[in-house]
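Undergrad: make a model of this:
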Amino acid sequence: MKLSVVIQPGEDGFYVAECPALPGCMSQGKTEREALKNIKQAIALWLEVEAAKRADKLPRKAIVRMVAV
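TA: Below is the predicted model:
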């Protein structure tokens, strides 16, 4: 899966990273490289949390399979 990430300097000297496709998914870092590393972790956690939310709403006998895209 490929997602666009926007990185820009923040007012505090850190770089702020955001993934516009995932509402509220943001991170930061002291450097652009660190901000990119941190947003990758934030994206993984965001996707994990959203998957768990949806899994709780599935019918009891539903079959769940993982796919890579």
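Undergrad: okay, Leu3 and Glu11: tell me how far apart.
TA: In this view, Leu3 and Glu11 are 25 Å apart by C-beta to C-beta, to the nearest Å. For every residue, glycine as well, the C-beta is placed using N, CA and C.
Undergrad: hmm, what's the outermost residue in this structure?
TA: Lys61 (28.9 Å; C-alpha atoms, centre = their mean).
Undergrad: where does Val49 land on pLDDT?
TA: Listed pLDDT for Val49 reads 93.
Undergrad: how about Pro23?
TA: pLDDT recorded at Pro23 is 96.
Undergrad: got phi/psi on it?
TA: Main-chain dihedrals, Pro23, degrees, to the nearest 10: phi -50, psi 130.
Undergrad: hmm, back to that, secondary structure element for the residue farthest from the centre of the chain, which one?
TA: Element membership for Lys61 (DSSP states H and E) is empty, with no helix or strand holding it.
Undergrad: who has more neighbours out of Leu3 and Glu11?
TA: Neighbours around Leu3 and Glu11, counted as other C-beta atoms under 10 Å, are more numerous at Leu3. The numbers are 13 against 6.
Undergrad: which residues touch the more buried one?
TA: For Leu3, the contact set (C-beta atoms under 8 Å, 6 or more residues apart in numbering) comprises 19, 21-22, 43.
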